Every structure is written in structure tokens, then in C-alpha cells.
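[1] sequence unknown, structure follows:
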């Protein structure tokens, strides 16, 4: 349970600072649903590009390894 000041602070961060409220855990207790929430901030554009490059490199590594293993086993 949150106090009004805590709710206002969370709303302010979501509206002004660009944060997002994320449900971390949900469960029933005595006929009520309890939700544990977290405050999260998204990635910056340069972080997204770096992550995408890393994914592409790992995918390329996997395909190169498959080709290498095939050529080694057929020899």
C-alpha cells in the first residue's frame, strides 16, 4: 500500500522523467490482488544500436561455427 505522497512521486517520475512502472510480482492475499511494482527507465538510442550490433555478431558467429563444423566433419 502506498501513501498519497508516494503515489504522487511515482506519477511525477512517469510523466516528467520518462520512467515506466513495471509489475514485478502479482499474487492473491485474502481476496485481494497484491502487485509489487518497479520503476524502470528505457534504453538510450545508442544502447539499442550497440545491443543490436552484438546480437547480429552472435548470430553471425553461430552461422560461421555451423559452416566450420560441417566442413570439418565432411573431411
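    That came in fine, so what should we check first? Remember, it's a predicted structure, so these values are computed and weren't measured experimentally. Residues are numbered from 1 along each chain as shown.

[2] how long is stretch 33-47 end to end?
    This stretch, stretch 33-47, spans 36 Å end to end (Cα to Cα, to the nearest Å).

[3] For it, which outside residues touch it?
    Residues outside stretch 33-47 that contact it (Cβ atoms under 8 Å, 6 or more residues apart in numbering) are 10, 13, 17-28, 51. Quick note: C-beta positions are derived from backbone N, CA and C, even for glycine.

[4] What is the most widely separated pair among those?
    28 and 51 (36.3 Å; Cβ to Cβ).

[5] So for the two, which sits in the more crowded spot?
    Higher neighbour count among residue 28 and residue 51: residue 51, with 11 against 8, using other Cβ atoms under 10 Å.

[6] tell me which element that one falls in.
    Take DSSP states H and E as the rule and residue 51 turns out to sit in helix 45-74.

[7] I'd like the average pLDDT over that helix.
    Confidence over helix 45-74 (mean pLDDT, whole number) is 84.

[8] Domains in this protein, by residue range?
    Following automatic domain parsing, one finds the domains of the chain at 1-42, 43-75.

[9] Restricted to helices, list the contacts of stretch 33-47.
    The helices, defined by DSSP state H, take in 10, 13, 51 from the contacts of stretch 33-47.

[10] any idea which of these is closest to residue 67?
    When those are compared for distance to residue 67, the smallest value, 25.1 Å, is given by residue 51; criterion: Cβ to Cβ.

[11] quick one: contacts for that closest one?
    Remark: with contacts taken as Cβ under 8 Å, 6+ apart, residue 51 is in contact with residue 43.

[12] and if you look at residue 20?
    Under the criterion of Cβ under 8 Å, 6+ apart, the contact list for residue 20 reads 14, 39-42.

[13] If we use 7 Å, what do you get?
    Shown in contact with residue 20 (Cβ atoms under 7 Å, 6 or more residues apart in numbering): 14, 40, 42.
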